[in-house]
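Q: 3D model of this:
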Amino acid sequence: MVTSDRRPLRGAGRPASWSGRTLAAVLCGTIAGLALTPGAALAQEMAEAAQAPSETPSDASAQGDNAFPVGVVTVRQTLQVNRHSLTGTIQALDSFSAGFRDGGRVISVLVDVGDVVRVGEQIAQIDPTQAQASLNSAQATLDAAEASLVQSRQAQTRASGLLERGSGTQADLDSATEAYLTAQASRDQAAAQLEAAQQTMEDTALTATEDAIVTERSAEPGQVVGAGQSIVTLASLEGREAVFYVPNLPELDEVMGIDARLTPLGGGDGVSMPVTEISPVVASNGTVTVKVAIEGDAARRFIIGEPVIGELTTESEPGISIPWTTFNATQEGPAVWVYDPETGQVHLQQITIGRYRSSTIEVASGLDDGDLIVTAGSHALYPGRHVVVKESAE
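A: Purely as a prediction, here's the structure:
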């Protein structure tokens, strides 16, 4: 009768010639018919493992139920085509601020944002009272200088006639000539002051120097402004540019000078124009400014301030790109799990990274065309593990 006393098995007195299978058989016979405790269950598993024949790779692959399911992708060397879709706004190619030469109190602003102004059209007006007073004073000064000039010219003429008739002296003529020249200089100075006063009076009215559109209004009636302070911001009608603020992606190095397809966000005809500017990274938000100039008749299709979509396509030399989901790393560096369909096993393959992209990784070396690399399930792999392919993609 079999009892639960297992001390003979646990003792150190078993024959030295017992093999692993003999010991396993004894264990199995000893615990047969008993309720398996956790320790007994472990002993039974050890016995079964010892009695079972060793598996070969082909046997493991045949037993697909025990293989770990993974997804794989086939490595292909292809032309690297990258497509980018950006969203930005239309801005003026050339814009400038307009303000008064002299400060004063604004009495009227005749335009608003979006208005188109033509050359010479009045935009705003400041109080002309002081300028008008200066103009009147300058005009009076000029009138007095011209009267003095007339008198001095007549005095010079009389002195010259008296000298010719022998009734005058050379000193009298010289004195009259000097007075005439002084009066002439005073008249010229007064004329210059009048011209300046007239310009000041004209400057109380702000007018457009070229055909433009108002993009910003910075002053209101009643506001006191300084000399040169912006009243409105104007944009030229002849040019536009699409401005995009994008993350600092590695692919941006390739887009300078290539054509971008620009289409209004609300729909309409698009146009292809080259990328003209890529600014440095803005430290505050980590974005890069990409600009596409729109010139000629195409500029009239876009309205300043409207949203625009820019589509860019770049191509590079043929190479191997892998999804980010296949990427792993070891102490030696970047690696991927490579699946061997003959053995059903996986192994780690070291790779050299050529470039990181937003959705893929360019591989410089380490993979060959046709290799099968693991995508889904790589987190549970170890070298030599048997797997079964549940999902495959080219």
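
Q: Enumerate every residue touching Y180.
A: L149, S152, R153, A155, Q156 (CB atoms under 8 Å, 6 or more residues apart in numbering). Glycine gets a C-beta too; all of them are placed from N, C-alpha and C.

Q: Excluding covalently adjacent residues, which one is nearest to the first one?
A: Going back to what we said before, that points to L149. A183 (4.2 Å; CB to CB, 6 or more residues apart in numbering).

Q: What about that neighbour, how many residues nearby?
A: 21 (other CB atoms under 10 Å).

Q: Would you confirm that it contacts Q154?
A: No. Assessed by CB atoms under 8 Å, A183 is found out of contact with Q154, at 10.7 Å.

Q: how close does the closest residue to T177 other than its chain neighbours sit to S137?
A: Spatial nearest neighbour of T177, excluding adjacent residues (CB to CB, 6+ apart): Q156 at 5.4 Å. For Q156, the distance to S137 (CB to CB, to the nearest Å) stands at 29 Å.

Q: same question, D188
A: 17 Å.

Q: go on, R357?
A: Taking CB to CB, one finds R357 at 73 Å from S137.

Q: Would you convert the contacts of Y180 into JSON lines that also reports neighbour count and pLDDT?
A: Shown next, in JSON lines, are the contacts of Y180 (neighbours: other CB atoms under 10 Å; pLDDT from 0 to 100):
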{"residue": "L149", "neighbour count": "21", "pLDDT": "92"}
{"residue": "S152", "neighbour count": "21", "pLDDT": "92"}
{"residue": "R153", "neighbour count": "14", "pLDDT": "92"}
{"residue": "A155", "neighbour count": "18", "pLDDT": "91"}
{"residue": "Q156", "neighbour count": "21", "pLDDT": "89"}
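
Q: Looking at those, which one is closest to V387?
A: L149 (109.6 Å; CB to CB).

Q: right, and the closest one touches L181 too?
A: No. Counting by CB under 8 Å, L149 does not reach L181; the two are 9.8 Å apart.

Q: So A124 is in contact with T204, correct?
A: No. A124 is beyond contact range of T204, at 9.6 Å (criterion: CB under 8 Å).

Q: So for those two, which sits in the more crowded spot?
A: A124 (24 against 20).

Q: The more buried one belongs to a helix?
A: No. Applying DSSP: H, G, I helix; E, B strand; the rest coil, one finds A124 to be strand, outside a helix.

Q: Stretch 117-134: which residues count as buried?
A: Neighbour-count burial for stretch 117-134, counted by 16 or more other CB atoms under 10 Å, picks out V117, I123, A124, Q125, I126, P128, A131, S134.

Q: Adding pLDDT and distance to V225, write those out as TSV.
A: Converted to TSV, these look like this (pLDDT from 0 to 100; distance: CB to CB, whole Å):
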residue	pLDDT	distance to V225
V117	93	19
I123	95	13
A124	96	9
Q125	95	12
I126	95	7
P128	93	14
A131	92	14
S134	93	19
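
Q: got the residue ranges for the strands in the stretch 151-300 of the chain?
A: Along the stretch 151-300 of the chain, the stretches classed as strands by DSSP state E, counting those that start in this stretch are 205-207, 212-217, 224-225, 230-236, 239-247, 259-264, 271-278, 287-295.

Q: For P341, find the nearest of those strands.
A: Using CB to CB, the nearest of the strands of the stretch 151-300 of the chain to P341 is strand 239-247, at 39.1 Å.

Q: for that closest one, the distance to its chain's centre please.
A: 8 Å (CA atoms, centre = their mean, to the nearest Å).

Q: any residues touching that strand, and which ones?
A: With CB under 8 Å, 6+ apart, strand 239-247 has contacts from 86-94, 252, 260, 262, 273, 276, 285-295, 299, 302, 304, 308, 310.

Q: partners of it, with directions?
A: strand 77-92 (antiparallel), strand 287-295 (antiparallel) (DSSP bridges).

Q: what's next to the shortest one, contact-wise?
A: Applying CB under 8 Å, 6+ apart, the external contacts of strand 287-295 come out as 86, 88, 90, 93, 238-248, 252, 255, 260, 262, 271, 273-282, 302, 310.

Q: Now the buried members of those residues.
A: By neighbour count, with 16+ other CB under 10 Å, those hold 86, 88, 90, 93, 239-244, 246, 252, 255, 260, 262, 271, 273, 275-276, 278, 302, 310 as buried.

Q: residues near the nearest residue to A144 once chain neighbours are set aside, how many?
A: In this structure, A144 finds its nearest non-sequential neighbour in A190, 7.4 Å apart by CB to CB, 6+ apart. When counting by other CB under 10 Å, one arrives at 21 neighbours for A190.

Q: A190 contacts T141, correct?
A: Yes. Contact criterion CB under 8 Å: A190 and T141 qualify, at 4.5 Å.

Q: for this structure, what helix or strand is lowest in average pLDDT?
A: None of the helices or strands of the chain scores lower by mean pLDDT, DSSP states H and E than helix 20-31, at a mean of 37.

Q: any idea how far Q189 is from L149?
A: L149 is 11 Å from Q189, where distance means CB to CB.

Q: What segments of this structure are helices?
A: Counting by DSSP state H, the chain has helices at residues 7-10, 20-31, 38-51, 57-62, 129-165, 170-202.

Q: so the last one versus helix 129-165, what angle?
A: This points to helix 170-202. Helix 170-202 runs at 160 degrees relative to helix 129-165, counting by axes from the mean of the first three to the mean of the last three CA atoms, to 10 degrees.

Q: For helix 170-202, what is the distance to the chain centroid?
A: Worked out by CA atoms, centre = their mean, helix 170-202 lies 62 Å from the chain centre.

Q: Could you check what's spatially nearest to G104, not counting adjacent residues?
A: Per CB to CB, 6+ apart, closest to G104 is I126, 3.7 Å.

Q: Now for the one you found: which residues touch it?
A: Counted by CB under 8 Å, 6+ apart, I126 has contacts F100, D102, G103, G104, R105, V106, I107, T204, L206, V225.
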